[in-house]
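**Q** Prediction below, plus the sequence it came from.
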Amino acid sequence: MESANELKWRKQALKPIDTTRRSSSSKSEEEENKNSQNTGEEEPLSPSSRLFHEPNFNVYVIAIMGCKTRIYPDVFKANLGHTLLRHPRFSSLQVMDKGNKGGMKWVRTQVDLEKHVIVPKLDPNIDSPEKFLEDYIYNLSKTSIDESQPLWDLHLLNLRTSESEAVGVFRIHHSLGDGTSLMSLLLACTRQMNDPLALPTVPIKKQEKKNDHTWFWRITSMFWSSFQVFLNTVVDVFMFIATALFLKDTQNPLKGPPGVEFTPRRIVYRTVSLDDIKLVKNAMNTTINDVALGITQAGLSLYINRIYGGNNKAEGAIEIDNLPKKIRLRSTLLINIRPSAGIQ
């Protein structure tokens, strides 16, 4: 358990990035900012950031980004200096704090982009670009980033695939931030095509008009919602205790053996149209997360059904139920309930 002194240092995963432009006359202010980047205010890591440094929970975020045009590394490096690197998490080291009983802290440092932006030399006549990209990310999962530098890197591959002209692969240690913050920061580093100084616009959800219900229906709705929360909590607590004591999952091909967390990962991805996801979302009156979860569950169900069927890929084999009777297969989903602050 963490002490009260450690918990009071809990911070948001990422702070808003400042995208305002400075005037040329503020020379003294720029020099002061430059000195502050060299020395920097040392700040303790939040408990969630420290968690991602545990031996069995050392997690990296790998994001694949396709581009419609060829990537020019010099242009990327020139713009990273006044976008991504202005964020303290991406220009700071994570070092042990001797005065904090083994805790860790952020220390600002100079960033050498040559060590963070990797541009491998590729054969332009690669037979299978998709397979090469899959193998590249697989090999990337076997290594980690040197802790003597900020824990992120960007791999630029001018590799033409069936869906893009070039590919960028981000590898970011999860202690730098969660998915919501990282996506917001990535969007803040981009600009509009018709206005290079303007941030991208994000659609804002329209406020639904509230229906005027009587006090009776409002009280009834509040009571029913409270009862559902209470009932779901009781069921979850019971299932948690039962799982810890005797209710185990069925042995299945998706369940890894002991030590699987230390093995390299092969990332196999499929592209799904956002228009199709939006169509299902509106038809079912649900959320994007629900649709994405349904797609994932359907894919896993088809995969495990095919494995139990002996990898039979013949026509019509997918319609045969090969799953064992009374199979119990559960998963844990980490959901970020913190509202997004948008692009700042």
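**A** Cool, got the structure. If you're wondering where the values come from, they're calculated on a predicted model, not measured in any experiment.
**Q** ok, now how distant is Gly81 from Val107?
**A** 20 Å (C-beta to C-beta, to the nearest Å). The way it works is simple: take the backbone N, C-alpha and C, and place the C-beta from them, glycine included.
**Q** who's more crowded, those two?
**A** Val107 (15 against 12; other C-beta atoms under 10 Å).
**Q** Three-state assignment for that one, please.
**A** strand (DSSP: H, G, I helix; E, B strand; the rest coil).
**Q** got a pLDDT number for it?
**A** Predicted confidence (pLDDT) at Val107: the value is 91.
**Q** List the buried residues of stretch 252-265.
**A** Judged by neighbour count (16 or more other C-beta atoms under 10 Å), stretch 252-265 contains no buried residues.
**Q** what's the offset of it from the middle of its chain?
**A** 21 Å (C-alpha atoms, centre = their mean, to the nearest Å).
**Q** Give me the distance between the two termini of it.
**A** 19 Å (C-alpha to C-alpha, to the nearest Å).
**Q** host element of Ala63?
**A** Ala63 is part of strand 60-67 when elements are defined by DSSP states H and E.
**Q** Relative to the whole chain's centre, how far out is that strand?
**A** The answer for strand 60-67 is 9 Å, by C-alpha atoms, centre = their mean.
**Q** How about residues contacting it?
**A** 133, 137, 140-141, 144-145, 161, 163-174, 179, 182, 186, 267, 269 (C-beta atoms under 8 Å, 6 or more residues apart in numbering).
**Q** ok, that strand: who's next to it in the sheet?
**A** Sheet partners assigned to strand 60-67 using DSSP bridges are listed as strand 166-173 (antiparallel).
**Q** Could the C-alpha coordinates of the partner strand be exported in PDB?
**A** The C-alpha trace of strand 166-173 is given here as PDB (Å, rounded to 0.1, in the frame of the first residue of the first chain):
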ATOM      1  CA  ALA A 166       4.200   5.200 -45.400                       C
ATOM      2  CA  VAL A 167       3.900   4.000 -41.800                       C
ATOM      3  CA  GLY A 168       4.900   5.500 -38.400                       C
ATOM      4  CA  VAL A 169       5.200   3.300 -35.300                       C
ATOM      5  CA  PHE A 170       5.100   5.000 -31.900                       C
ATOM      6  CA  ARG A 171       6.500   3.200 -28.900                       C
ATOM      7  CA  ILE A 172       5.700   5.000 -25.700                       C
ATOM      8  CA  HIS A 173       6.100   3.700 -22.100                       C
END
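**Q** Can you mark which positions in it are buried?
**A** In strand 166-173, counting by 16+ other C-beta under 10 Å, buried: 166-173.
**Q** which among those gets closest to Pro44?
**A** His173 (16.6 Å; C-beta to C-beta).
**Q** I'd like to know how many residues surround Thr243.
**A** 12.
**Q** wait, Ala78
**A** Neighbours of Ala78 (other C-beta under 10 Å): 11.
**Q** now do the one 10 residues further on
**A** Applying the criterion other C-beta under 10 Å, we find 18 residues in the vicinity of Pro88.
**Q** repeat for the one 3 residues further on
**A** The tally of other residues near Ser91 (other C-beta under 10 Å) stands at 19.
**Q** Ok, Cys189 next?
**A** Cys189: 19 neighbours (other C-beta under 10 Å).
**Q** same check, this time on the one 3 residues further on
**A** Residues contacting Gln192 under the criterion other C-beta under 10 Å number 11.
**Q** who's in contact with stretch 247-265?
**A** Residues outside stretch 247-265 that contact it (C-beta under 8 Å, 6+ apart): 56, 138-139, 141-142, 239, 300, 304, 307-308, 324, 326-330.
**Q** I'd like the average pLDDT over stretch 111-131.
**A** Mean predicted confidence for stretch 111-131 is 91.
**Q** chain center to that stretch, what's the gap?
**A** Mean-position distance between stretch 111-131 and its chain equals 22 Å (C-alpha atoms, centre = their mean).
**Q** Now that stretch: buried residues?
**A** So stretch 111-131, judged by 16+ other C-beta under 10 Å, has buried residues 111, 116-117, 119, 129.
**Q** Helix, strand, or coil at the residue lying closest to Ile267 once chain neighbours are set aside?
**A** Once flanking residues are discounted, Ile267 sits nearest to Ile137: 5.1 Å by C-beta to C-beta, 6 or more residues apart in numbering. With three-state DSSP as the basis, Ile137 sits in helix.
**Q** From the structure, what's the count of residues near Ile137?
**A** Neighbour number of Ile137 under other C-beta under 10 Å is 21.
**Q** any idea how far Tyr138 is from Ser128?
**A** Where Ser128 is concerned, Tyr138 sits at a distance of 14 Å (C-beta to C-beta).
**Q** Check Val75 too.
**A** 28 Å.
**Q** Ok, Leu302 next?
**A** Distance, Leu302 to Ser128, using C-beta to C-beta: 24 Å.
**Q** How far away from the center of its chain is stretch 163-178?
**A** 9 Å.
**Q** now swap in stretch 149-169 and tell me
**A** 16 Å.
**Q** neighbours of Phe57, just the number please.
**A** Phe57 has 10 nearby residues by other C-beta under 10 Å.
**Q** My guess is it contacts Leu51. True?
**A** Yes. The pair Phe57 and Leu51 passes the contact test of C-beta atoms under 8 Å, sitting 6.0 Å apart.
**Q** Please check the contacts of stretch 247-265 and keep the buried ones.
**A** Buried among those (16+ other C-beta under 10 Å): 304, 308.
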